[in-house]
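> Turn this into a structure:
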Amino acid sequence: MEKFDSHIHLNTEDTTFIVQAERDNFRFLVIVDDRPFGITMADQEKIVRKQLKAFPETIAYATTFSVNRFNAPGWQNETLDYLKNSFDQGAIAVKVWKNIGMNLKDENGKFVMIDNPKFDPILDYLEENDIPLVGHLGEPRDCWLPLEEMTFHQEYYKSHPEYHMYLHPEYPSYEDQINARDNMLEKHPGLKFIGAHLGSLEWSLEELAKRLDKYPNMAVDLARMSDLYFHAKNDWQATHDFFVKYQDRLLYATDVQVGSSQDPAEMNQRAHDSRIFHWKFFATDEMLSVPVIDGTFKGLKLPRTVVDKIYRENAVRILVITSGLAE
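Sure thing, here's the model as predicted:
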């Protein structure tokens, strides 16, 4: 079956990853981030536009916008002009990153959250033009815990202590991040919103379900697979039933990082193996295991109609893909 990965980062002009994805019958959304590490936002955009021209049936892309000049006069108009140009260049969605809520401050030194009124004209434009917003807002709840109390994610926060909020109690809390996101959705009920990484509610499918019930235009990508395995191990039936109930709101995603420093053959093999494993988790009832979870867990064996939606149909509908998979 044709499949779509709704969250990858393609930070190289090498094409071997794309070719392997085509062999695996995968298409994908390449996401550009406004982040202070790795390659620049401008370079990410340059790479994806080049790859889009070469592989228009395989790639779609989500642009972003910089908040470096957030406090400067004219920032809103500059941002809208930038986004409109990106759409002219082929972008189909917009990504916002956790720097909104964790780095960005206003002229008074106060943290700026995604529900700040200054974002409203930009979100209004997306809402009016049916352009999806992908939001990595906040972090997994582990971020506010000591390393030894985390369920997962320890290695990331060891490498990026600046984003380990347990070390920064003066920053907005986990609840602040989720509340700001929810308030943004209240203000923009017609906005198509895809919460990256299970909407930063990875720790509780019950809490995630509350948001999906409350915000009918909210969907989430599944790029927190370890958390899903954890839920399946702890309560298989509830996890299975969650996927069946919210089958129209879930998008397969991996958040794979494809970089120029990686060996292409090794990268492709890892990606291929992950795709097979994820398929087994969603489509079969095999007993599975991963290093980060003690013991085994059973695959969800979802109905074929649900698997089709997760892997393809929801992405085509929500992201309004007009080539490749949509034909």
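
> Now do the strands in the stretch 151-300 of the chain.
193-195, 218-221, 250-251, 256-259, 287-288, 297-298 (DSSP state E, counting those that start in this stretch).

> Format the ones you listed as JSON lines; extra columns: mean pLDDT.
JSON lines is the format used below for the strands of the stretch 151-300 of the chain (pLDDT from 0 to 100):
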{"stretch": "strand 193-195", "mean pLDDT": "98"}
{"stretch": "strand 218-221", "mean pLDDT": "98"}
{"stretch": "strand 250-251", "mean pLDDT": "98"}
{"stretch": "strand 256-259", "mean pLDDT": "92"}
{"stretch": "strand 287-288", "mean pLDDT": "98"}
{"stretch": "strand 297-298", "mean pLDDT": "98"}
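
> Export those strands as TSV, with columns for distance to Met150 and mean neighbour count.
For glycine as for every other residue, the C-beta is placed from the backbone atoms N, C-alpha and C. Compiled in TSV, the strands of the stretch 151-300 of the chain are given as follows (distance: least, C-beta to C-beta, whole Å; neighbours: other C-beta atoms under 10 Å):
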stretch	distance to Met150	mean neighbour count
strand 193-195	21	26
strand 218-221	21	25
strand 250-251	24	26
strand 256-259	21	17
strand 287-288	22	14
strand 297-298	19	18
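
> Count the neighbours of the nearest residue to Leu208 once chain neighbours are set aside for me.
Excluding the flanking residues, the one nearest Leu208 by C-beta to C-beta, 6 or more residues apart in numbering is Leu201, at 4.1 Å. Neighbour count for Leu201, taken as other C-beta atoms under 10 Å: 24.

> Leu201 reaches Leu212, doesn't it?
No. Counting by C-beta atoms under 8 Å, Leu212 is not a contact partner of Leu201; they are 9.6 Å apart.

> Test my guess that Asn183 contacts Asp115.
Yes. Counting by C-beta under 8 Å, Asn183 touches Asp115, with 4.1 Å between them.

> spatially speaking, which residue is in the middle of the chain?
Centroid-nearest residue in the chain, with C-alpha atoms, centre = their mean: Ala196, separated by 3.0 Å.

> check contacts around that one.
His7, Lys95, Val134, Gly135, His136, Val220, Asp221, Ala223, Ala253, Asp255 (C-beta atoms under 8 Å, 6 or more residues apart in numbering).

> ok, now how distant is Leu10 from Tyr311?
In this view, Leu10 and Tyr311 are 20 Å apart by C-beta to C-beta, to the nearest Å.

> no, scratch that, I was asking about Thr64
Using C-beta to C-beta, Thr64 is found at 25 Å from Tyr311.

> Could you check the pLDDT of the nearest residue to Thr12 once chain neighbours are set aside?
Counting by C-beta to C-beta, 6+ apart, Thr12 lies nearest to Ser260, which is 4.0 Å off, once chain neighbours are set aside. pLDDT, Ser260: 76.

> can you check Pro140 too?
So Pro140 comes in at 96 (pLDDT).

> what's the burial count for it?
22.

> Now do the same contact list for the residue nearest to Thr12.
Asn11, Thr12, Glu13, Asp14.

> So among these, which ones count as buried?
Asn11, Thr12, Asp14 (16 or more other C-beta atoms under 10 Å).

> quick one, phi psi at the second one?
Reported as degrees, to the nearest 10, the phi and psi values for Thr12 are phi -150, psi 150.

> Now do the same contact list for it.
Thr12 neighbours (C-beta under 8 Å, 6+ apart): Ile47, Val258, Gly259, Ser260, Gln262.

> Give me the distance between the fourth one and Asn234.
As defined by C-beta to C-beta, Ser260 lies at a distance of 39 Å from Asn234.

> repeat for the second one
For Val258, the distance to Asn234 equals 32 Å [C-beta to C-beta].

> So between Asn183 and Asp115, which is more surrounded?
Between Asn183 and Asp115, Asp115 has the larger neighbour count (other C-beta under 10 Å), namely 21 against 14.

> pretty sure that one is in a helix, no?
No. With DSSP: H, G, I helix; E, B strand; the rest coil as the criterion, Asp115 is coil rather than part of a helix.

> Check which helices and strands the lengthiest helix in the chain sits against.
When the chain is parsed with DSSP state H, its longest helix is helix 264-283. Counting contacts by 3 or more C-beta pairs under 8 Å, 6 or more residues apart in numbering; DSSP states H and E, helix 264-283 packs against helix 16-23, helix 225-234, strand 256-259, strand 287-288, helix 304-308.

> Could I get the average pLDDT for that helix?
Per-region confidence: helix 264-283 scores 93 on mean pLDDT.

> quick check: angle from that helix to helix 225-234?
Calculated by axes from the mean of the first three to the mean of the last three C-alpha atoms, to 10 degrees, helix 264-283 forms an angle of 30 degrees with helix 225-234.
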